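Engineer: all I have is the shape, not the residue letters:
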């Protein structure tokens with residue numbers, strides 16, 4: 001990917017909206033046009049730019065044995081990172097996790113990373129409480145301030161799929177640690193992600209139960225988390 005092309009592709013709000021749609025699922029030109037209220041010819045122009053920049057790819061799907069296949073677009077599985085000036089934090093983080101496991105052993109390394117996840121979760125909850133003057137966490141405040149505000153700003157592409165008086169079920173269409181999670185799901189998913197939510201509930205209320213239903217790093221199209229308020 002030529003970096004100048006990538007920045008040009010990301011400079012358009014419509015192209016960013018298309019990328020957000022494709023986080024959810026693969027789509028055709030017509031489906032994207034309908035969702036965004038754009039003309040198909042305009043959508044094709046934006047898709048061409050995103051394909052050339054390396055963010056998405058086209059795939060063919062044939063409904064039957066005859067007729068032309070339908071073209072769908074999806075995000076590439078491993079998009080190149082864009083940044084200026086360049087940084088190597090992902091590589092550094094991978095080396096640090098490996099070094100922890102080699103130096104401390106697997107069990108102790110997981111304890112250290114669990115503590116990091118707990119601290120991250122507690123800090124996130126306390127910051128939201130302070131910024132928005134939250135006195136009590138319930139499914140509605142959790143959906144609004146954590147799912148729609150915090151996770152959206154973090155770039156996790158969240159989607160609340162069920163909200164009622166007892167629980168919130170939400171999905172993450174972008175794993176913030178995806179590359180590392182694919183290599184070490186036992187660390188990123190089973191330790192860091194789990195302990196992050198444990199830190200959240202430590203602040204929000206111990207009557208909250210968090211269940212990780214699916215994980216992108218374990219072959220699912222999204223991470224799905226269920227948060228229940230128990231009596």
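Structural biologist: Okay, I see it. If you're wondering where the values come from, they're calculated on a predicted model, not measured in any experiment.
Engineer: for the most centrally placed residue in the chain, helix, strand, or coil?
Structural biologist: Nearest to the centroid of the C-alpha atoms of the chain, with distances taken as C-alpha atoms, centre = their mean, sits residue 174, at 2.1 Å. When states are read from DSSP: H, G, I helix; E, B strand; the rest coil, the local structure at residue 174 comes out as coil.
Engineer: what is the neighbour count of the closest residue to it other than its chain neighbours?
Structural biologist: Distances taken as C-beta to C-beta, 6 or more residues apart in numbering place residue 157 nearest to residue 174, at 4.2 Å, with adjacent residues excluded. Bear in mind the C-beta positions are built from the backbone N, C-alpha and C, glycine included. When neighbours are defined as other C-beta atoms under 10 Å, residue 157 has 19 of them.
Engineer: OK, contacts around residue 157?
Structural biologist: Contact analysis of residue 157 by C-beta atoms under 8 Å, 6 or more residues apart in numbering lists 20, 23-24, 172-174.
Engineer: which of the residues you listed are buried, as a ChimeraX select command?
Structural biologist: Below is the selection syntax for ChimeraX that covers the buried ones among the contacts of residue 157, with 16 or more other C-beta atoms under 10 Å defining burial:
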select :23,172,173,174
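Engineer: how is this protein divided into domains?
Structural biologist: The record, using automatic domain parsing to delimit domains, assigns the chain the ranges 3-75, 105-229.
Engineer: now these as JSON lines including distance to residue 96 and mean pLDDT?
Structural biologist: JSON lines is the format used below for the domains of the chain (distance: least, C-beta to C-beta, whole Å; pLDDT from 0 to 100):
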{"stretch": "domain 3-75", "distance to residue 96": "26", "mean pLDDT": "86"}
{"stretch": "domain 105-229", "distance to residue 96": "10", "mean pLDDT": "94"}
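Engineer: of those, which is nearest residue 94?
Structural biologist: domain 105-229 (6.0 Å; C-beta to C-beta).
Engineer: first vs last residue of that closest one, how far apart are they?
Structural biologist: End-to-end span of domain 105-229 (C-alpha to C-alpha, to the nearest Å): 36 Å.
Engineer: do the same with stretch 199-210
Structural biologist: Distance between the boundary residues of stretch 199-210 (C-alpha to C-alpha) amounts to 11 Å.
Engineer: for that stretch, which outside residues touch it?
Structural biologist: Counting by C-beta under 8 Å, 6+ apart, stretch 199-210 makes contact with 117-126, 129, 137, 142, 146, 197-198, 225-231, all of which sit outside it.
Engineer: which among those end up buried?
Structural biologist: When burial is judged by neighbour count using 16+ other C-beta under 10 Å, the buried members of the contacts of stretch 199-210 are 117-118, 121-122, 124-125, 129, 137, 142, 146, 197, 225, 227, 229.
Engineer: which single one of the residues you listed is nearest to residue 162?
Structural biologist: After measuring the buried ones among the contacts of stretch 199-210 against residue 162 - C-beta to C-beta - the closest member comes out as residue 227, at 10.3 Å.
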